[in-house]
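J.: what's the 3D shape of this:
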Amino acid sequence: MSLERFRSLIGEIISTCGLLESIVNGLINTLGRDPILAGKIVRLPSWSFRIDVFCQLLERAELPPDEVKSLCEHLKRVGRERNDVAHNPIADPDNPHILVLRDVSNMKELHETDLEKQLERTHAALTELKRFLPKIGVPVPKRNPQ
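T.: Prediction:
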């Protein structure tokens, strides 16, 4: 994998996760009944905690529990994988990869195919999240023709 491709995959994963986070935070603010609490929740650093709150709000909106659970598990996984990418990049020009150092006894390397699969999962989570928008009364913006 070229260094440019490595950087591109990392950038696309991070920017798509940023979009996911923005949508989730906005929905927490929209679905939360208390704007003060919702505002505090979206500022918490724990993605997992925010997803737990978000899922409770979706359940309160009487969405199918199995669909909510699937979405929430997907979002949590994408968040964990995003942290692997965001906090561990190794940009050796001869062998660009990510060495995940969080658990030294279980280090892993992420190479191009791993990053491509992660990007696919991240895009799938975004698609899944967008499918929920009309179910909770949020209009889905139409894409502009190019």
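
J.: which parts of the protein are strands?
T.: Ranges of strands in the chain, per DSSP state E, are 89-90, 97-100, 108-110.

J.: quick one: which of those strands is nearest Arg60?
T.: strand 97-100 (35.5 Å; C-beta to C-beta). Quick note: C-beta positions are derived from backbone N, CA and C, even for glycine.

J.: partner strands of that closest one, with direction?
T.: The strands beside strand 97-100 in its sheet (DSSP bridges) come out as strand 89-90 (antiparallel), strand 108-110 (antiparallel).

J.: ok, of those, where does mean pLDDT dip lowest?
T.: Across the strands paired with strand 97-100, strand 89-90 has the smallest mean pLDDT, namely a mean of 70.

J.: mind checking the longest helix of this protein?
T.: In the chain, taking DSSP state H as the definition, the longest helix is helix 3-31.

J.: report the buried residues of that helix.
T.: Buried residues in helix 3-31, counted by 16 or more other C-beta atoms under 10 Å: 6, 9-10, 12-13, 16-17, 20-21, 23-25, 27-28, 31.

J.: if we can go back for a sec, could you dump the strands paired with strand 97-100 to a markdown table with mean neighbour count and distance to Leu58?
T.: Formatted as a markdown table, these follow (neighbours: other C-beta atoms under 10 Å; distance: least, C-beta to C-beta, whole Å):
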| stretch | mean neighbour count | distance to Leu58 |
| --- | --- | --- |
| strand 89-90 | 14 | 33 |
| strand 108-110 | 15 | 30 |
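
J.: reformat those strands as CSV; add distance to Arg60.
T.: Output for the strands paired with strand 97-100, formatted as CSV (distance: least, C-beta to C-beta, whole Å):
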stretch, distance to Arg60
strand 89-90, 38
strand 108-110, 37
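
J.: tell me which helix or strand of this structure sits lowest on mean pLDDT?
T.: strand 89-90 (a mean of 70; mean pLDDT, DSSP states H and E).

J.: most distant residue from the middle of the protein?
T.: Asp94 (29.3 Å; C-alpha atoms, centre = their mean).

J.: how far away is it from Ile10?
T.: As judged by C-beta to C-beta, to the nearest Å, Asp94 and Ile10 stand 17 Å apart.

J.: swap in Leu37?
T.: The value you get for Leu37 to Ile10, if C-beta to C-beta is used, is 34 Å.
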